[in-house]
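Asker: When you get a sec, could you give me coordinates for this:
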Amino acid sequence: MAAAFGGLVLFTPIGTTLAATATGNMTVRITIEAECRIQTASDLDFGTAGVIAAKIDQTSTIGVQCTSGQTYNVGLNAGAGGGATTAVRRMTGPAGTIGYSLYRDSARTQPWGVTIGTNTVAGTGNGDVQNLTVYGRVPPQVTPAAGVYADTVAITVTY
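Answerer: Alright, predicted model coming up:
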């Protein structure tokens with residue numbers, strides 16, 4: 001009889017005790033902080049010229065990306081040229097400098113500088129890249145010797 005009872009135990013289904021489940025929840029979170037970034041800045045290339053007897057105009061683009069709703073101001077410094085100001089910047093080359101200016105408007109009447117509320121460009125972020133146009137002008141001037149003249153202008157986003 002013990003052998004028969006033992007055989008019955010062997011045929012008892014085992015999986016029925018594993019059918020219970022338990023559930024729970026987890027929290028998923030991210031904290032977004034206010035931020036702005038300069039995503040792109042194209043070169044401002046005035047091309048090739050001989051004697052600078054007439055103004056030379058070109059444009060460049062700065063791509064700024066800020067969190068949605070974040071206000072910002074974009075400033076451009078005077079550049080690295082000796083004696084430069086935000087009104088008249090200087091490209092330096094092998095035989096002196098070439099003066100140029102950067103503007104916030106296509107009419108080239110509003111210089112672009114670093115003083116918030118005076119000569120910067122203000123905006124409000126929308127979470128995507130917002131492109132700002134830089135309007136450049138080389139005015140007629142005494143032309144130095146042939147060569148490559150260049151400058152580096154720092155871009156600052158204040159938010």
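Asker: N131 contacts S60, doesn't it?
Answerer: No. At 10.3 Å, N131 does not count as touching S60 under the criterion of CB atoms under 8 Å. All C-beta atoms are positioned from the backbone trio N, CA, C, and that covers glycine.
Asker: In terms of helices and strands, where is the residue nearest in space to the middle of the chain?
Answerer: The C-alpha lying nearest the average C-alpha coordinate of the chain belongs to I38 (CA atoms, centre = their mean; 1.5 Å). For I38, the enclosing helix or strand under DSSP states H and E is strand 36-41.
Asker: again with S106
Answerer: With DSSP H and E as the criterion, S106 is inside neither a helix nor a strand.
Asker: Now it: closest residue in space that isn't a chain neighbour?
Answerer: What sits nearest to S106 in space, not counting adjacent residues and going by CB to CB, 6 or more residues apart in numbering, is Y135, at 5.7 Å.
Asker: mind listing what the one you found touches?
Answerer: D57, T59, L102, Y103, R104, D105, S106, R108 (CB atoms under 8 Å, 6 or more residues apart in numbering).
Asker: Farthest pair within these?
Answerer: Greatest spatial distance in the contacts of Y135: D57 and R104, 14.2 Å, computed using CB to CB.
Asker: who's more crowded, those two?
Answerer: Applying other CB atoms under 10 Å to D57 and R104 shows that R104 carries more neighbours, namely 20 against 14.
Asker: Quick check: phi and psi at the more buried one.
Answerer: Main-chain torsions, R104, degrees, to the nearest 10: phi -90, psi -10.
Asker: What residues of the host helix or strand of the residue nearest to S106 count as buried?
Answerer: Assigned by DSSP H and E, Y135 belongs to strand 129-138. Buried residues in strand 129-138, counting neighbours by 16 or more other CB atoms under 10 Å, are found at Q130, L132, V134, Y135, G136, V138.
Asker: can I get the CA coordinates of stretch 66-84 in PDB?
Answerer: Presented in PDB, the C-alpha positions along stretch 66-84 are these (Å, rounded to 0.1, in the frame of the first residue of the first chain):
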ATOM      1  CA  CYS A  66      17.200  76.700 -25.400                       C
ATOM      2  CA  THR A  67      14.700  74.900 -23.300                       C
ATOM      3  CA  SER A  68      11.100  75.900 -24.000                       C
ATOM      4  CA  GLY A  69      10.100  79.200 -22.400                       C
ATOM      5  CA  GLN A  70      13.700  80.100 -21.500                       C
ATOM      6  CA  THR A  71      14.500  83.700 -22.300                       C
ATOM      7  CA  TYR A  72      18.000  84.500 -23.700                       C
ATOM      8  CA  ASN A  73      20.300  87.200 -25.100                       C
ATOM      9  CA  VAL A  74      23.000  86.500 -27.700                       C
ATOM     10  CA  GLY A  75      26.100  88.800 -27.700                       C
ATOM     11  CA  LEU A  76      29.100  89.100 -30.000                       C
ATOM     12  CA  ASN A  77      32.300  90.500 -28.500                       C
ATOM     13  CA  ALA A  78      34.700  92.900 -30.300                       C
ATOM     14  CA  GLY A  79      36.800  90.100 -31.600                       C
ATOM     15  CA  ALA A  80      40.600  89.500 -31.300                       C
ATOM     16  CA  GLY A  81      41.900  92.300 -33.600                       C
ATOM     17  CA  GLY A  82      44.000  95.000 -31.900                       C
ATOM     18  CA  GLY A  83      42.000  98.200 -31.200                       C
ATOM     19  CA  ALA A  84      38.700  96.600 -32.100                       C
END
